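Colleague: okay, sequence plus prediction incoming.
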Amino acid sequence: MIEDLRRTKIVATLGPATESNEALDALIKAGVDVVRLNFSHGSAEEHLARAEKVREIAKNNHRHIAILADLQGPKIRLEHFKNGSIELKNGSHFCLNVDCGINDGDQYQVGITYKALPREVKKYDVLLLDDGRIVLKVMLVDGAKINCQVIVGGMLSDSKGINLKGGGLSAEALTEKDKADIVTAAKLNAEYIGVSFPRNADDLNSARQLLRDAGGNGGVVAKIERAEALDNLENIIDASDAVMVARGDLGVEIGDANLPAIQKKIIKMARHRNCVVITATQMMESMRDNPIPTRAEVFDVANAVLDGTDAVMLSAESATGLFPSQTVLAMSDICLNAEQEARASQSNHRLNSTFNRVDEAIAMASMYTANHLGVRAIAALTETGSTPLWMSRISSGIPIYALSRHESTSRKVSLYRGVFPVYFPTIDANHAEANLKAIDLLKKQGVVEDGDFVIITKGDLMGADGGTNAMKIVEVGQMAKFVG
């Protein structure tokens, strides 16, 4: 039933908790649409093996699952302590020392991975360690040493992250490791690569070019994690296929209290600019250890759905948690219930805009017609997925079925809100036969029945990229009279 279709997509991170075939199968059966491979951990060989396993199990479940290869990026971290951890007292002094040995950290100093940090901070800057749990104020920069006063202390252990409050660090978005990992992403045919800590559109364009040079055709996801990215938000969105509201590092840099408004702004801007948006970080965090979410987490996921996000993401909850598939089921239930309130029959999205492409104009016209005519479903015959993407930017409760002969396109559109991929190999049939086959396919899936109205979009030259130039409104059960 259409009423049971979840429009908001779920991204789940793979890890030790989903390593077995049984766990991964349960995750896919629970409703995951996209799996995230975290390139901060694991070797290229391990990621290639996981991707192959995902594709095999997804095929067995008759699902089109996209793969997001998430690059590590320039994570700025502490080196290691001699004893693994220390405890910092409020008011004490502590030094971040570039020249300190990798494993020589102690109560007074520790090494750092980002050797340029002493040149980029100044007196009275605030450094946030371990996602803001430890707060240091810079008192003196002396060559390789950043001498600090502990403002908020606590336990501090190996490899914790470092952020500058307010942002401003100039670390390149793509490290040498990332460049090597892009080649791996191309080898495993990832539908998306995630670029961590991008500062501007150039970072995304560089990643896309490296992916193309390696033979990959995936889209680029900009993870909004730096404060300065907010100053370049429009350009970053325009250079991306999707953006991720990465609330961890972003919250540390701008303050968690500012995140809700920023999240809403990013979602609204991304949708307006025809970009997909993912909301991430600690959405169901308590389910790492508990079989049910907190009410605060329920509200968090529901609010992201009501804001219009395309997808909600699980990180540690599915990678290392005790209940990965149950977490997906719980998140799915929240999304479904929130979507009952989110359905809109009218939209002003780009109502006053001029369209530069015929296929884009057809997509917009189809959605406005569907919302005002009482159409049951939309069948978009597509080569690249562009038409379903444009359609999915319009608020609607009407499902959009992306009918494609390309498995890569079917996987890619799995991330789009309200779009459901269907394998559809017909390109040599005439238009009337193609229409009839599309409707028969939807009838077999229980989507439509006789008497329902369906909108079909396709091109005069079926099989040509960017060729959608026709919209047809059909009544199910009436088409066969006009065929043959």
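Modeller: Everything's here; your move. What you are looking at is a predicted structure, and each value in this text was computed from that prediction instead of being measured.
Colleague: am I right that residue 472 is in a strand?
Modeller: Yes. Checked against DSSP: H, G, I helix; E, B strand; the rest coil, residue 472 lies within a strand.
Colleague: mind checking how far it is from residue 438?
Modeller: To residue 438, residue 472 is 10 Å away according to C-beta to C-beta, to the nearest Å. For every residue, glycine as well, the C-beta is placed using N, CA and C.
Colleague: quickly list what's touching both of those two.
Modeller: Residues touching both residue 472 and residue 438 comprise residue 456, with contact defined as C-beta atoms under 8 Å, 6 or more residues apart in numbering.
Colleague: comparing these two, which residue is more hemmed in?
Modeller: When residue 472 and residue 438 are compared for neighbours, residue 438 comes out ahead with 25 against 16, by other C-beta atoms under 10 Å.
Colleague: for whatever helix or strand the more buried one lives in, which helices and strands make contact with it?
Modeller: Here residue 438, judged by DSSP states H and E, is contained in helix 431-444. Applying 3 or more C-beta pairs under 8 Å, 6 or more residues apart in numbering; DSSP states H and E, we find helix 431-444 packed against strand 377-381, strand 400-404, strand 453-459, strand 468-475.
Colleague: please name whichever of those is nearest to residue 23.
Modeller: Distance to residue 23, taken as C-beta to C-beta, is lowest for strand 400-404 among those, at 28.5 Å.
Colleague: what lines up beside that closest one in the sheet?
Modeller: Sheet neighbours of strand 400-404, with direction, are listed as strand 377-381 (parallel), strand 419-423 (parallel) (DSSP bridges).
Colleague: and of these, who's closest to residue 67?
Modeller: Proximity of these to residue 67 was assessed by C-beta to C-beta; the nearest stretch is strand 419-423, lying at 14.2 Å.
Colleague: can you give me the strands for the stretch 201-350 of the chain?
Modeller: With DSSP state E, counting those that start in this stretch as the definition, the stretch 201-350 of the chain shows strands at residue ranges 219-224, 242-246, 276-280, 311-314.
Colleague: got those as CSV, with distance to residue 302 and mean pLDDT columns?
Modeller: Supplementary listing: the strands of the stretch 201-350 of the chain in CSV, determined by distance: least, C-beta to C-beta, whole Å; pLDDT from 0 to 100:
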stretch, distance to residue 302, mean pLDDT
strand 219-224, 21, 98
strand 242-246, 15, 98
strand 276-280, 11, 98
strand 311-314, 10, 98
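Colleague: any chance of a markdown table for those strands, columns mean neighbour count?
Modeller: What follows is these, written out as a markdown table (neighbours: other C-beta atoms under 10 Å):
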| stretch | mean neighbour count |
| --- | --- |
| strand 219-224 | 26 |
| strand 242-246 | 26 |
| strand 276-280 | 27 |
| strand 311-314 | 26 |
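Colleague: possible to save those strands as JSON lines with distance to residue 259?
Modeller: Conversion of the strands of the stretch 201-350 of the chain to JSON lines gives the following (distance: least, C-beta to C-beta, whole Å):
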{"stretch": "strand 219-224", "distance to residue 259": "11"}
{"stretch": "strand 242-246", "distance to residue 259": "8"}
{"stretch": "strand 276-280", "distance to residue 259": "11"}
{"stretch": "strand 311-314", "distance to residue 259": "15"}
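Colleague: can you say which of those strands is nearest to residue 286?
Modeller: Comparing the strands of the stretch 201-350 of the chain by their distance to residue 286 (C-beta to C-beta), the top pick is strand 311-314, with 12.2 Å.
Colleague: re the thing from before, restrict the helix holding residue 438 to CA atoms and write it as CSV.
Modeller: Extracted as CSV, the C-alpha positions of helix 431-444 are listed here (Å, rounded to 0.1, in the frame of the first residue of the first chain):
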residue,chain,number,x,y,z
HIS,A,431,5.5,4.6,-26.6
ALA,A,432,2.0,3.1,-26.2
GLU,A,433,3.5,-0.3,-25.3
ALA,A,434,6.0,1.3,-22.9
ASN,A,435,3.2,3.1,-21.1
LEU,A,436,1.2,-0.1,-20.8
LYS,A,437,4.2,-2.1,-19.5
ALA,A,438,4.9,0.7,-16.9
ILE,A,439,1.4,0.6,-15.7
ASP,A,440,1.3,-3.2,-15.6
LEU,A,441,4.5,-3.2,-13.5
LEU,A,442,3.0,-0.8,-11.0
LYS,A,443,-0.2,-2.9,-10.9
LYS,A,444,1.8,-6.1,-10.2
